[in-house]
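1. What follows is a predicted structure for the sequence shown.
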Amino acid sequence: DLDDINPELPQADVAVIIGANDTVNPSARDDPQSAIAGMPIIEADKAKSVFVIKRSMNAGFAGIDNPIYYNSNTQMLFGDAKDMVGSIAKELAGGGSGLH
């Protein structure tokens with residue numbers, strides 16, 4: 001539930017976003033002229049570090065760009081989500097050879 005998680009996100013060390021676009025787009029919160037202005041979002045951009053796993057930089061359903069992708073605390077990981085999550089888990093377990 002957004003009301004439960006959003007207050008916790010500024011204290012989160014990491015937020016991992018898989019394939020989401022509009023549901024984490026801070027334009028809904030910050031830009032009153034945005035096509036999604038006022039839409040409830042997960043405020044993942046407030047975490048200390050953000051990792052976004054996507055196949056491409058394509059826009060979401062609303063067809064607008066997402067500023068979270070360009071934040072200094074965001075890292076983009078391009079590829080298949082299942083493969084990328086597996087690689088991250090392997091790295092965290094100390095058995096990886098680097099993310100590609």
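-> Looks like it arrived, so ask away. For clarity, every value in this text was computed on a predicted model and none was experimentally measured. Numbering: from 1, shown residues only.
2. For the longest helix along the chain, which helices and strands make contact with it?
-> Looking across the chain with DSSP state H, the single longest helix is helix 81-92. Packing partners of helix 81-92 (3 or more Cβ pairs under 8 Å, 6 or more residues apart in numbering; DSSP states H and E): strand 14-18, strand 49-54. Yep, even glycine has a C-beta here, placed from its N, CA and C like the rest.
3. got the buried residues for the next helix or strand after the shortest one?
-> The C-terminal neighbour of strand 14-18 among helices and strands, as given by DSSP states H and E, is helix 27-30. Residues of helix 27-30 classed as buried: 27-29 (neighbour count, 16 or more other Cβ atoms under 10 Å).
4. swap in stretch 11-27?
-> For stretch 11-27, by 16+ other Cβ under 10 Å, it's 15-17, 20-27.
5. need the contact list for residue 59.
-> The neighbours of residue 59, taking Cβ atoms under 8 Å, 6 or more residues apart in numbering as the test, are 21, 65-66.
6. Closest one of those to residue 33?
-> residue 65 (13.3 Å; Cβ to Cβ).
7. Could you report the distance from the closest residue to the closest one other than its chain neighbours to residue 67?
-> Spatial nearest neighbour of residue 65, chain neighbours left out: residue 59 (6.2 Å); criterion: Cβ to Cβ, 6 or more residues apart in numbering. Per Cβ to Cβ, to the nearest Å, residue 59 is found 12 Å from residue 67.
8. now swap in residue 55 and tell me
-> In terms of Cβ to Cβ, residue 55 sits 19 Å off from residue 67.
9. who's more crowded, those two?
-> Taking other Cβ atoms under 10 Å, residue 55 and residue 67 do not tie; residue 67 has more neighbours (15 against 11).
10. The more buried one reaches residue 27, doesn't it?
-> Yes - between residue 67 and residue 27 there is a contact under Cβ atoms under 8 Å: 6.2 Å.
11. Let me know the distance separating residue 21 from residue 1.
-> 20 Å.
12. whoops, I mixed them up, residue 8
-> Taken as Cβ to Cβ, the span from residue 8 to residue 1 is 11 Å.
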